[in-house]
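Trainee: got a sequence here, can you model it:
(4 chains)
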There are 2 protein chains.
Amino acid sequence: MEKAGNELTQKLMDAFFRIMRMHPKNHVPGVKHSEIVILLFIKRKMDKTQTGIRIGDLSRIMRVTSPTVTQFINRLEEKGFVKRKSDPGDRRYIRVILTKQGEDVLQQAWEALVADFNSLIKYLGEEQSRLLADLLLKSYDFFTKDIDVNREG
Amino acid sequence: MEKAGNELTQKLMDAFFRIMRMHPKNHVPGVKHSEIVILLFIKRKMDKTQTGIRIGDLSRIMRVTSPTVTQFINRLEEKGFVKRKSDPGDRRYIRVILTKQGEDVLQQAWEALVADFNSLIKYLGEEQSRLLADLLLKSYDFFTKDIDVNREG
DNA sequence: ACTAATTGGTTGCTAATCTAAGTATTATTC
DNA sequence: GAATAATACTTAGATTAGCAACCAATTAGT
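Mentor: The predicted structure follows:
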């Protein structure tokens, strides 16, 4: 094939496509992986600032649109894992906080995730794992830098 | 959070989750990324063996179920990019081959993909890119090794 | 007071996958 | 040779994670 790309280009492409096709597994029955990720971001924000997180913030952090976040928050609220609170400073905002149940389910999932990734780190070695994380984040920035132009707020 | 995992565990986890949330962009209007990937695997098989590829083979290579592959092949056939042929040796089998249109659309997408990944390689450096590819493939194997136990054929 | 911008929301849709159940064919067993 | 088991692929219906288009409420700017 003309413009085949060399061996490295094909290998890197294959590697990315494989990883992108992977679906993270569920560690807690009835709770989807993406829901866990959202709970995690909410927890981090609450630990740091003692306030809930805004939907716009989640949208930016996760690089998904705000309707997408809204739907996730709706389901998490239905499940009793989060609550919406108005922001007294600006009635356009809401701040999402974790409930006790949300913290519990996050804890459960977190332990399993940490175990998985610690196993991966053992498998690859710590230095290689650090390098992998760095390179993945750089790659992610590379691929999404154009997207960020369109995503401000 | 107890069992927090150290800084490296969290960083690696975040990095993977970001990459997994990314959706490969479409390079050819009207043709989905996954369709391009399938055309690519078909092309590689045909180049190597001068025969079409079986659905079961694609299922194994891509680590998706055979009904998933069937649906993709249906759509690619409707679009005129592939054709199914019976295998004279065993009528249970079909062999999927690329049509001229399929080769053309693959060529078009391929050039764009190669350009993207060559840019990434320039960005990261060739040595780091090679290392990233190796580590991604190792990680992929690590995460999917359990799945393979359940997938034979 | 009016217009523009921002935030979050709803709805309908897409893409990529799965499972369950089915048909057709070949392999195995008796 | 008949019956059963296994294999390959198919169809239908479902799930998950996202998006775009559009909207209402609110705040910011003029």
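Trainee: drop to CA atoms for contacts and neighbour counts, all remaining ones
Mentor: OK.
Trainee: once you drop chain neighbours, what's closest to A:Phe16?
Mentor: Among residues not flanking A:Phe16 along the chain, B:Leu136 sits closest, at 7.3 Å (CA to CA, 6 or more residues apart in numbering or on different chains).
Trainee: find me the pLDDT at that neighbour, would you?
Mentor: pLDDT, B:Leu136: 95.
Trainee: got a list of what it touches?
Mentor: Contact analysis of B:Leu136 by CA atoms under 8 Å, 6 or more residues apart in numbering or on different chains lists A:15-16, A:19, A:132.
Trainee: list of residues touching stretch A:22-33?
Mentor: Residues outside stretch A:22-33 that contact it (CA under 8 Å, 6+ apart) are A:105, A:108-109, A:112-113, B:20.
Trainee: my error: substitute stretch A:45-54 in the last question.
Mentor: The contact list for stretch A:45-54, computed with CA under 8 Å, 6+ apart, reads A:42, A:85, A:93-98.
Trainee: the strands in chain A, which residues?
Mentor: Taking DSSP state E as the criterion, chain A contains strands spanning A:82-86, A:94-98.
Trainee: reformat those as TSV; add mean neighbour count.
Mentor: Output for these, formatted as TSV (neighbours: other CA atoms under 10 Å in any protein chain shown):
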stretch	mean neighbour count
strand A:82-86	18
strand A:94-98	21
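Trainee: so is stretch A:45-55 next to DNA strand C?
Mentor: Yes: counting by CA under 7 Å from any atom of the strand, contacts between stretch A:45-55 and DNA strand C involve A:54-55.
Trainee: now narrow the contacts of stretch A:45-54 to whatever sits close to DNA strand C.
Mentor: Restricting those to those near DNA strand C by CA under 7 Å from any atom of the strand leaves A:93-95.
Trainee: before we move on, the earlier item: ok, so of the contacts of stretch A:22-33, who is nearest B:Val64?
Mentor: The closest of the contacts of stretch A:22-33 to B:Val64 turns out to be B:Met20 (CA to CA; 16.1 Å).
Trainee: which residues touch the residue nearest to that closest one when sequence neighbours are not counted?
Mentor: Closest residue to B:Met20 apart from its sequence neighbours, by CA to CA, 6+ apart: A:Met20 at 4.8 Å. By CA under 8 Å, 6+ apart, the contact list for A:Met20 reads B:19-24.
Trainee: and A:Met20, how far from A:Arg130?
Mentor: According to CA to CA, to the nearest Å, A:Met20 stands 20 Å off from A:Arg130.
Trainee: any chance you could map the helices in chain A?
Mentor: Applying DSSP state H to chain A gives helices spanning A:7-21, A:33-49, A:55-62, A:66-78, A:100-124, A:126-149.
Trainee: what about the third one, near DNA strand D?
Mentor: To tie it back to what came earlier, the one meant is helix A:55-62. No: counting by CA under 7 Å from any atom of the strand, DNA strand D is not contacted by helix A:55-62; separation bottoms out at 7.9 Å.
Trainee: check the second one too.
Mentor: Yes: Helix A:33-49 lies in contact with DNA strand D when judged by CA under 7 Å from any atom of the strand; the contacting residues are A:33-35.
Trainee: closest point of chain A to DNA strand C, which residue?
Mentor: A:Gly56 (3.3 Å; CA to the nearest atom of the strand).
Trainee: that residue: neighbouring residues, count only.
Mentor: By other CA atoms under 10 Å in any protein chain shown, 20 other residues sit near A:Gly56.
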